[in-house]
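Chemist: fold the following, please.
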Amino acid sequence: MILWLFLTLIVLADCENRRTSSCPDLCACSLSVLGMEVVCSQSLLKHFPTNGLPHNTTRLSIQSTNLSIITTSHLRVVPHLDHLQLYHTNLESIPSDLLREVPRLNALDLTGNKLVHLPPNVFSYAPLGSLVLKNNLIETVDADWFLPNSSLTWLDLSGNRLTTVPSALFQKLPHLQNLDLSHNRLQELQPDMLNPLHHLETVNLAANELSTLKPGTFTNNRRLIQLFLQENRIRELPPALLGSLQYLQLLLLNQNQLQNLPSGLLGQLGQQEQGGSQVKVILAGNPWVCDAKMEYLWKWLTFYPQNVFFLEEVTCARPAGLEKRQVASLTENELGLAK
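Modeler: Take a look at the predicted model:
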């Protein structure tokens with residue numbers, strides 16, 4: 001009896017080894033402490049590599065291939081999947097139940113595809129912590145992609161064609177910490193859009209078409225550490241915009257249309273310390289008008305020059321005679337402040 005049991009275990013172990021040692025054509029398989037990882041990066045790959053895909057695969061990356069279709073049945077062969085990357089393939093759509101058979105999936109990366117529309121509930125079947133939809137053709141965001149109280153902490157929608165984002169989306173993402181909406185076509189943000197995101201640490205709104213922001217945009221994002229607003233069309237900002245951001249460490253406002261900053265905007269940012277390092281700002285690439293309205297920023301630069309990256313590039317665009325002068329080098333007389 002004992003011998004029979006021993007032989008049975010040997011046979012079962014051999015079968016499992018055969019299954020885990022297989023690897024699909026045009027792919028590479030490796031076993032690590034994170035589990036079985038499969039990488040398929042050959043342009044000749046046109047179909048999902050079902051044949052030979054190890055049953056115990058935990059990480060699957062299909063990148064720079066000619067894959068154009070993926071279905072629920074494809075993923076059924078890898079039920080232990082934790083990370084899935086479909087990077088720069090030719091996907092134009094995905095089914096709403098794509099993730100039904102991968103209940104452990106934590107990270108999904110769909111960068112560089114041709115996705116325009118995603119169906120409702122598409123991300124509701126797996127406990128995703130990270131979702132990357134970067135560099136697709138997405139024009140609208142649907143709050144129904146997710147279930148309420150989603151576990152998502154990282155969302156990257158950069159490089160799409162978004163003109164607006166509904167507030168209802170973030171009501172379903174209360175655990176979100178990192179949000180990237182850069183390189184879209186956003187012209188304005190709803191003032192309460194980010195209110196549900198109490199755990200938010202990074203917001204990237206760079207390279208959009210924003211001209212201003214509402215005073216209460218970041219009121220409820222008190223844990224915010226990094227704020228990227230560069231490469232927009234921002235002409236003015238409300239004085240109280242950053243008032244609640246006591247943990248802010250990095251603020252990028254470069255390459256906008258700012259002519260001055262309102263008094264109080266930067267508050268006491270220069271005096272805050274987080275882990276021994278003070279907040280840093282980038283202000284270069286704006287058409288600063290160096291007159292009396294520049295007094296606030298001029299004084300702030302004078303007090304906290306160490307907090308400004310590329311300080312020498314914060315220069316005047318006007319008036320005549322002060323073009324290209326460093327703002328921090330100006331005198332009260334030159335700004336018209338002397339009495």
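
Chemist: quick one: contacts for the closest residue to residue 174 other than its chain neighbours?
Modeler: The shortest distance from residue 174 to any non-neighbouring residue, by C-beta to C-beta, 6 or more residues apart in numbering, is to residue 196 (5.6 Å). In this view, the C-beta of every residue, glycine as well, is placed from N, C-alpha and C. For residue 196, the contacting residues are 170, 171, 173, 174, 220, by C-beta atoms under 8 Å, 6 or more residues apart in numbering.

Chemist: what helix or strand is the residue lying closest to residue 82 once chain neighbours are set aside on?
Modeler: Nearest non-adjacent residue to residue 82, counting by C-beta to C-beta, 6+ apart: residue 58, 4.6 Å away. Per DSSP states H and E, residue 58 falls inside strand 57-63.

Chemist: list the helices and strands that strand packs on?
Modeler: Packing contacts for strand 57-63, counted by 3 or more C-beta pairs under 8 Å, 6 or more residues apart in numbering; DSSP states H and E, involve strand 35-40, strand 83-87.

Chemist: list of residues touching that strand?
Modeler: Around strand 57-63, the neighbours that count as contacts under C-beta under 8 Å, 6+ apart are 29, 34-41, 45, 48-49, 53, 78, 80-89.

Chemist: same thing with stretch 204-212?
Modeler: The contact list for stretch 204-212 (C-beta under 8 Å, 6+ apart) reads 158, 179-189, 226-238, 252, 257.

Chemist: give me phi/psi at residue 156?
Modeler: phi -120, psi 110 (degrees, to the nearest 10).

Chemist: so it versus residue 260, what's the distance?
Modeler: Shown here: residue 156 relative to residue 260, a distance of 33 Å by C-beta to C-beta, to the nearest Å.

Chemist: before we move on, what about residue 149?
Modeler: For residue 149, the distance to residue 260 equals 43 Å [C-beta to C-beta].

Chemist: swap in residue 317?
Modeler: 11 Å.

Chemist: spit out the residues that contact those two alike.
Modeler: Common contacts of residue 317 and residue 260 (C-beta under 8 Å, 6+ apart): 288, 289.

Chemist: just to revisit the earlier point, if any of the contacts of stretch 204-212 are buried, put those into a ChimeraX selection.
Modeler: Paste this into ChimeraX to select the buried members of the contacts of stretch 204-212, with burial taken from 16 or more other C-beta atoms under 10 Å:
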select :158,179,180,181,182,183,184,186,189,226,227,228,229,230,231,232,234,237,238,252
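
Chemist: which members of the contacts of residue 196 are positioned in helices?
Modeler: 170, 171 (DSSP state H).

Chemist: report the two of the contacts of residue 196 separated the most.
Modeler: The most widely separated members of those are 173 and 220, with 13.4 Å between them, by C-beta to C-beta.

Chemist: which one's more surrounded, the two?
Modeler: A count of neighbours by other C-beta atoms under 10 Å puts residue 173 above the other of residue 173 and residue 220, at 24 against 16.

Chemist: for that one, give me the pLDDT.
Modeler: Looking at residue 173, its pLDDT stands at 98.

Chemist: let me know whether residue 166 touches residue 143 as I believe.
Modeler: Yes - the pair residue 166 and residue 143 qualifies as a contact (C-beta atoms under 8 Å) at a distance of 5.6 Å.

Chemist: of those two, which one has the most company?
Modeler: Just comparing residue 166 and residue 143: by other C-beta under 10 Å the higher neighbour count belongs to residue 143, 16 against 13.

Chemist: need the nearest residue in space to that one, chain neighbours excluded.
Modeler: Spatially, and ignoring its direct neighbours in sequence, residue 143 is nearest to residue 168 (3.8 Å; C-beta to C-beta, 6+ apart).

Chemist: and whichever helix or strand that neighbour is part of, which residues are buried?
Modeler: Taking DSSP H and E as the definition, one finds residue 168 inside helix 167-171. For helix 167-171, burial by neighbour count (16+ other C-beta under 10 Å) applies to 167, 169, 170, 171.

Chemist: cool, stretch 101-110 as well?
Modeler: For stretch 101-110, a neighbour-count test (16+ other C-beta under 10 Å) marks 101, 102, 105, 106, 107, 108, 109, 110 as buried.

Chemist: taking those residues together, which two end up most distant?
Modeler: Most distant of the buried residues of stretch 101-110, by C-beta to C-beta, are 101 and 109, 18.3 Å apart.

Chemist: residue 38 contacts residue 22, doesn't it?
Modeler: No - in this structure residue 38 lies outside contact range of residue 22 using C-beta under 8 Å: 10.3 Å.

Chemist: which residues are in contact with each of the two?
Modeler: Shared contacts of residue 38 and residue 22 (C-beta under 8 Å, 6+ apart): 29, 53, 54.

Chemist: strands of the stretch 51-200 of the chain, residue ranges please.
Modeler: Counting by DSSP state E, counting those that start in this stretch, the stretch 51-200 of the chain has strands at residues 57-63, 83-87, 107-109, 130-132, 154-156, 178-180.

Chemist: and the fifth one, what does it pack onto?
Modeler: Based on contacts counted as 3+ C-beta pairs under 8 Å, 6+ apart, the elements that strand 154-156 packs against are strand 130-132, strand 178-180.

Chemist: show residues contacting the first one.
Modeler: If you take C-beta under 8 Å, 6+ apart as the criterion, strand 130-132 is touched by 106, 107, 108, 109, 110, 111, 123, 152, 153, 154, 155, 156.
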